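**Q** Take a look and give me a structure for this.
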Amino acid sequence: MQTFLRQAGKPDHIEYAMKKILIASLLFTLCFSIAAKEKTRYGAVILPDKTILTMELATTEEQWIRGLMYRHSLAPGTGMLFIYDHPAPYAFWMKNCFIHLDIIWLSQDKKIVYYVENVPPCDQPDCPSYGSMNMARYVIEVNPGTVKKHKLKLGDEIRIKLFDK
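**A** Residues are numbered from 1 along each chain as shown. Down below sits the predicted model:
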């Protein structure tokens, strides 16, 4: 009986090694995920009436897909600027978006080629798509009423300012 108690009190070397490996793996995963997490970048758009809106930038496929999903509000004077690698007729939908938006498509030379106002959120499996038939390189999502308030129209030029990383 004494022999059993002494052995039970000794650390199990295999269990100890497995715990070390598990802890090292968790630390590696944590460090890797922190390093891989993209930092949110910001910029600004300057409307024809000189109004400046602060934009969260969407420049990666993951950011393009997520967009403003799951947001319950958007501060006044802010929005999201989607910057694509090349012009195309990009389409958007409002799946899992909880706020109405104005969506504005800009050409390569930053002129408005299309817009839709007050696009409603969608919590259904089949949400409608909103898109321009014209080629766009940039798309802006802003609070509803922005197009009307600033009297934006097709052909207006929007200036874009990107902030340093």
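
**Q** Could I get the full set of strands for the chain?
**A** Applying DSSP state E to the chain gives strands spanning 42-46, 52-58, 78-88, 91-93, 101-106, 112-119, 129-131, 136-142, 159-162.

**Q** winner for burial among the ones you listed?
**A** Greatest average neighbour count among the strands of the chain goes to strand 101-106 (a mean of 26), per mean count of other CB atoms under 10 Å. Placement of C-beta: from N, CA and C, glycine included.

**Q** which stretches of this protein have low pLDDT?
**A** Applying pLDDT under 70 to the chain flags the ranges 1-38, 165.

**Q** Would you map out the domains in it?
**A** Annotated domains of the chain cover 2-36, 42-162 [automatic domain parsing].

**Q** returning to what we had before: with distance to residue 67 added, can I get the strands of the chain in CSV?
**A** As requested, the strands of the chain are exported to CSV (distance: least, CB to CB, whole Å):
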stretch, distance to residue 67
strand 42-46, 15
strand 52-58, 6
strand 78-88, 6
strand 91-93, 7
strand 101-106, 9
strand 112-119, 12
strand 129-131, 12
strand 136-142, 7
strand 159-162, 18
